[in-house]
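Engineer: Everything below, folded, please.
(2 chains)
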Amino acid sequence: MEKIIQILNEMEKSGIVQRYALGGAVALLFYTEPVLTYDLDVFIAVPPPTAGLITLTPIYEHLKALGCEEQQEHLIVAGTPVQFIPAYNALIEEALREAVEKSFHLTKVRVLGLEYLLAIMLQTGRPKDQARLGQLLYEVQPDATLFAGILERHGLTQRWKAFLSRLE
Amino acid sequence: MNQSLEETVEAIFRHKRERRRALASLPIEEKIRILVRLQEIAGEISWAARGIKRQPWKME
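Structural biologist: Take a look at the predicted model:
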(Lines give C-alpha, C1' and ligand atoms only; values in the text may rest on other atoms or scores of the structure.)
Protein backbone atom coordinates (compact mmCIF):
# COMPACT_ATOMS: atom_id res chain seq x y z
CA MET A 1 0.00 0.00 0.00
CA GLU A 2 2.76 2.41 0.91
CA LYS A 3 4.53 1.64 -2.35
CA ILE A 4 1.39 2.54 -4.31
CA ILE A 5 1.08 5.82 -2.46
CA GLN A 6 4.71 6.64 -3.18
CA ILE A 7 4.12 5.96 -6.87
CA LEU A 8 1.02 8.20 -6.85
CA ASN A 9 2.94 10.99 -5.14
CA GLU A 10 5.73 10.70 -7.71
CA MET A 11 3.20 10.78 -10.57
CA GLU A 12 1.75 13.99 -9.20
CA LYS A 13 5.17 15.52 -8.66
CA SER A 14 6.20 14.75 -12.23
CA GLY A 15 2.92 16.11 -13.64
CA ILE A 16 1.57 12.85 -15.04
CA VAL A 17 -1.49 13.61 -12.95
CA GLN A 18 -2.32 17.11 -11.75
CA ARG A 19 -3.80 15.87 -8.50
CA TYR A 20 -4.90 12.58 -7.03
CA ALA A 21 -6.90 11.37 -4.04
CA LEU A 22 -7.90 7.93 -2.85
CA GLY A 23 -11.63 7.30 -3.06
CA GLY A 24 -14.06 4.43 -2.68
CA ALA A 25 -13.91 1.78 -0.01
CA VAL A 26 -10.22 2.25 0.74
CA ALA A 27 -10.73 5.96 1.41
CA LEU A 28 -13.59 5.04 3.73
CA LEU A 29 -11.16 2.85 5.67
CA PHE A 30 -9.55 6.03 6.95
CA TYR A 31 -12.84 6.87 8.70
CA THR A 32 -14.58 3.57 9.44
CA GLU A 33 -14.10 -0.05 10.39
CA PRO A 34 -12.42 -2.30 7.79
CA VAL A 35 -14.75 -3.75 5.14
CA LEU A 36 -13.96 -6.08 2.28
CA THR A 37 -12.85 -4.58 -0.98
CA TYR A 38 -10.49 -5.73 -3.71
CA ASP A 39 -9.66 -2.62 -5.65
CA LEU A 40 -8.23 0.77 -4.95
CA ASP A 41 -10.03 3.70 -6.58
CA VAL A 42 -7.84 6.67 -7.33
CA PHE A 43 -9.58 9.84 -8.46
CA ILE A 44 -7.40 12.01 -10.63
CA ALA A 45 -7.27 15.34 -12.34
CA VAL A 46 -5.22 15.03 -15.50
CA PRO A 47 -3.52 17.79 -17.47
CA PRO A 48 -5.88 19.18 -20.13
CA PRO A 49 -5.22 17.63 -23.54
CA THR A 50 -3.71 19.80 -26.24
CA ALA A 51 -6.36 18.40 -28.58
CA GLY A 52 -9.17 15.89 -28.38
CA LEU A 53 -10.32 13.92 -25.39
CA ILE A 54 -8.82 13.37 -21.98
CA THR A 55 -6.81 10.18 -22.04
CA LEU A 56 -5.33 7.93 -19.38
CA THR A 57 -2.66 6.68 -21.77
CA PRO A 58 0.25 8.58 -20.13
CA ILE A 59 -0.67 7.05 -16.75
CA TYR A 60 -0.90 3.55 -18.18
CA GLU A 61 2.35 3.95 -20.13
CA HIS A 62 4.16 5.25 -17.06
CA LEU A 63 2.96 2.42 -14.83
CA LYS A 64 3.58 -0.28 -17.42
CA ALA A 65 7.13 1.03 -17.73
CA LEU A 66 7.40 0.42 -13.98
CA GLY A 67 6.34 -3.20 -14.52
CA CYS A 68 2.65 -2.87 -13.65
CA GLU A 69 0.29 -5.13 -15.56
CA GLU A 70 -3.08 -4.28 -17.01
CA GLN A 71 -5.92 -6.51 -15.85
CA GLN A 72 -9.34 -5.66 -17.26
CA GLU A 73 -10.13 -2.14 -16.02
CA HIS A 74 -7.35 -2.19 -13.44
CA LEU A 75 -3.64 -1.78 -13.30
CA ILE A 76 -1.91 -4.07 -10.84
CA VAL A 77 0.34 -1.78 -8.84
CA ALA A 78 2.49 -3.41 -6.15
CA GLY A 79 0.13 -6.40 -6.10
CA THR A 80 -3.04 -4.33 -5.79
CA PRO A 81 -5.66 -3.70 -8.49
CA VAL A 82 -5.82 0.06 -8.94
CA GLN A 83 -8.48 1.87 -10.94
CA PHE A 84 -7.82 5.41 -12.09
CA ILE A 85 -10.99 7.48 -12.38
CA PRO A 86 -10.77 10.94 -13.93
CA ALA A 87 -12.88 13.56 -12.15
CA TYR A 88 -16.06 13.15 -14.17
CA ASN A 89 -18.42 15.71 -12.68
CA ALA A 90 -18.52 18.83 -10.53
CA LEU A 91 -18.92 16.92 -7.28
CA ILE A 92 -15.84 14.77 -7.93
CA GLU A 93 -13.86 17.84 -9.04
CA GLU A 94 -14.72 19.63 -5.80
CA ALA A 95 -14.03 16.50 -3.74
CA LEU A 96 -10.62 16.21 -5.36
CA ARG A 97 -9.85 19.89 -4.75
CA GLU A 98 -10.84 19.62 -1.10
CA ALA A 99 -9.25 16.21 -0.45
CA VAL A 100 -7.38 15.92 2.83
CA GLU A 101 -3.83 14.88 3.53
CA LYS A 102 -3.26 11.88 5.75
CA SER A 103 -0.37 9.58 6.51
CA PHE A 104 0.33 5.93 5.84
CA HIS A 105 3.38 5.00 7.88
CA LEU A 106 5.71 7.85 6.98
CA THR A 107 4.21 8.60 3.57
CA LYS A 108 1.73 11.41 2.95
CA VAL A 109 -1.40 10.39 1.08
CA ARG A 110 -4.35 12.42 -0.13
CA VAL A 111 -7.80 11.03 0.61
CA LEU A 112 -11.30 12.27 -0.23
CA GLY A 113 -13.02 13.82 2.77
CA LEU A 114 -15.67 11.84 4.59
CA GLU A 115 -18.51 14.22 3.66
CA TYR A 116 -17.55 14.01 -0.01
CA LEU A 117 -17.36 10.22 0.10
CA LEU A 118 -20.89 10.11 1.51
CA ALA A 119 -22.15 12.56 -1.13
CA ILE A 120 -20.54 10.55 -3.94
CA MET A 121 -22.17 7.36 -2.64
CA LEU A 122 -25.51 9.14 -2.57
CA GLN A 123 -25.01 10.50 -6.08
CA THR A 124 -23.81 7.18 -7.50
CA GLY A 125 -26.76 5.44 -5.90
CA ARG A 126 -25.86 1.84 -6.63
CA PRO A 127 -27.56 -0.65 -4.29
CA LYS A 128 -24.25 -1.41 -2.55
CA ASP A 129 -23.61 2.33 -2.05
CA GLN A 130 -27.07 2.80 -0.56
CA ALA A 131 -26.62 -0.13 1.80
CA ARG A 132 -23.20 1.07 2.93
CA LEU A 133 -24.44 4.64 3.30
CA GLY A 134 -27.23 3.47 5.58
CA GLN A 135 -24.75 1.56 7.72
CA LEU A 136 -22.29 4.46 7.82
CA LEU A 137 -24.85 6.79 9.31
CA TYR A 138 -24.58 4.79 12.52
CA GLU A 139 -20.79 4.73 12.49
CA VAL A 140 -19.50 8.15 11.48
CA GLN A 141 -20.30 11.71 12.35
CA PRO A 142 -19.82 13.90 9.31
CA ASP A 143 -19.60 17.66 9.65
CA ALA A 144 -23.30 18.49 9.21
CA THR A 145 -22.74 22.01 7.85
CA LEU A 146 -20.11 20.91 5.35
CA PHE A 147 -22.22 17.94 4.24
CA ALA A 148 -25.38 20.06 3.81
CA GLY A 149 -23.39 22.55 1.72
CA ILE A 150 -22.07 19.81 -0.56
CA LEU A 151 -25.56 18.37 -1.04
CA GLU A 152 -26.96 21.82 -1.82
CA ARG A 153 -24.23 22.77 -4.31
CA HIS A 154 -24.62 19.52 -6.23
CA GLY A 155 -28.40 19.22 -6.23
CA LEU A 156 -28.49 16.26 -3.87
CA THR A 157 -30.55 17.66 -0.98
CA GLN A 158 -33.83 16.13 -2.10
CA ARG A 159 -32.18 12.82 -2.84
CA TRP A 160 -30.71 12.83 0.68
CA LYS A 161 -34.12 13.54 2.23
CA ALA A 162 -35.65 10.72 0.21
CA PHE A 163 -32.84 8.41 1.29
CA LEU A 164 -33.37 9.27 4.96
CA SER A 165 -37.12 8.78 4.68
CA ARG A 166 -36.55 5.28 3.28
CA LEU A 167 -34.41 4.42 6.31
CA GLU A 168 -37.18 5.27 8.75
CA MET B 1 -29.52 -15.19 33.49
CA ASN B 2 -32.19 -12.82 34.72
CA GLN B 3 -31.96 -10.63 31.63
CA SER B 4 -34.99 -10.46 29.43
CA LEU B 5 -34.62 -11.46 25.79
CA GLU B 6 -34.92 -7.79 24.84
CA GLU B 7 -32.08 -6.83 27.20
CA THR B 8 -29.92 -9.65 25.91
CA VAL B 9 -30.42 -8.64 22.29
CA GLU B 10 -29.81 -4.99 23.14
CA ALA B 11 -26.55 -5.96 24.86
CA ILE B 12 -25.46 -7.93 21.77
CA PHE B 13 -26.11 -4.95 19.48
CA ARG B 14 -24.41 -2.57 21.92
CA HIS B 15 -21.30 -4.74 21.91
CA LYS B 16 -21.37 -4.86 18.11
CA ARG B 17 -21.52 -1.05 17.98
CA GLU B 18 -18.65 -0.79 20.46
CA ARG B 19 -16.57 -3.22 18.42
CA ARG B 20 -17.27 -1.25 15.22
CA ARG B 21 -16.16 1.95 16.94
CA ALA B 22 -13.02 0.24 18.25
CA LEU B 23 -12.19 -1.07 14.78
CA ALA B 24 -12.85 2.34 13.23
CA SER B 25 -10.35 3.94 15.60
CA LEU B 26 -7.49 1.60 14.64
CA PRO B 27 -4.56 3.04 12.68
CA ILE B 28 -5.00 2.80 8.92
CA GLU B 29 -2.00 0.48 8.64
CA GLU B 30 -3.72 -2.02 10.95
CA LYS B 31 -7.00 -1.66 9.03
CA ILE B 32 -5.19 -2.55 5.80
CA ARG B 33 -3.76 -5.66 7.50
CA ILE B 34 -7.32 -6.63 8.54
CA LEU B 35 -8.57 -5.94 5.01
CA VAL B 36 -5.98 -8.28 3.51
CA ARG B 37 -6.99 -10.97 6.01
CA LEU B 38 -10.64 -10.43 4.99
CA GLN B 39 -9.60 -10.83 1.35
CA GLU B 40 -7.85 -14.11 2.19
CA ILE B 41 -10.92 -15.46 4.00
CA ALA B 42 -13.32 -14.29 1.29
CA GLY B 43 -11.01 -15.72 -1.37
CA GLU B 44 -11.01 -19.14 0.28
CA ILE B 45 -14.81 -19.14 0.52
CA SER B 46 -15.20 -17.93 -3.06
CA TRP B 47 -12.84 -20.66 -4.30
CA ALA B 48 -14.60 -23.39 -2.31
CA ALA B 49 -18.12 -22.27 -3.16
CA ARG B 50 -17.83 -21.04 -6.72
CA GLY B 51 -14.39 -22.02 -7.97
CA ILE B 52 -13.51 -18.35 -8.38
CA LYS B 53 -10.03 -17.32 -7.34
CA ARG B 54 -9.44 -13.77 -6.11
CA GLN B 55 -5.99 -12.81 -5.02
CA PRO B 56 -5.54 -10.90 -1.78
CA TRP B 57 -3.34 -7.81 -1.94
CA LYS B 58 0.34 -8.36 -1.48
CA MET B 59 1.65 -6.77 1.69
CA GLU B 60 5.05 -5.12 1.27
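
Engineer: Just list the residues touching the residue in chain B that chain A sits nearest to, thanks.
Structural biologist: Using Cβ to the nearest Cβ, the closest approach of chain B to chain A is made by B:Lys58 at 2.8 Å. In short, each C-beta sits where N, CA and C put it, glycine included. Neighbour list for B:Lys58: A:Ala78, A:Gly79, A:Thr80 [criterion: Cβ atoms under 8 Å, 6 or more residues apart in numbering or on different chains].

Engineer: With B:Arg19 instead?
Structural biologist: With Cβ under 8 Å, 6+ apart as the criterion, no residue contacts B:Arg19.

Engineer: so which strand or helix has it?
Structural biologist: helix B:5-24 (DSSP states H and E).

Engineer: which parts of that helix are buried?
Structural biologist: For helix B:5-24, a neighbour-count test (16 or more other Cβ atoms under 10 Å in any protein chain shown) marks B:Leu23, B:Ala24 as buried.

Engineer: pLDDT at residue 33, what is it?
Structural biologist: All of this is about chain A. Per-residue confidence at A:Glu33 stands at 92 (pLDDT).

Engineer: Hmm, no, I was thinking of chain B.
Structural biologist: Confidence at B:Arg33, expressed as pLDDT, is 94.

Engineer: and if you look at B:Asn2?
Structural biologist: For B:Asn2, the pLDDT comes out at 67.

Engineer: what about the helix or strand bottoming out on mean pLDDT in chain B, distance to the chain center?
Structural biologist: Ranked by mean pLDDT, DSSP states H and E, the weakest helix or strand in chain B is helix B:5-24, scoring a mean of 90. Relative to the centre of its chain, helix B:5-24 is centred 14 Å away, using Cα atoms, centre = their mean, to the nearest Å.

Engineer: In which helix or strand does A:Ile76 reside?
Structural biologist: Using DSSP H and E, A:Ile76 falls in strand A:74-77.
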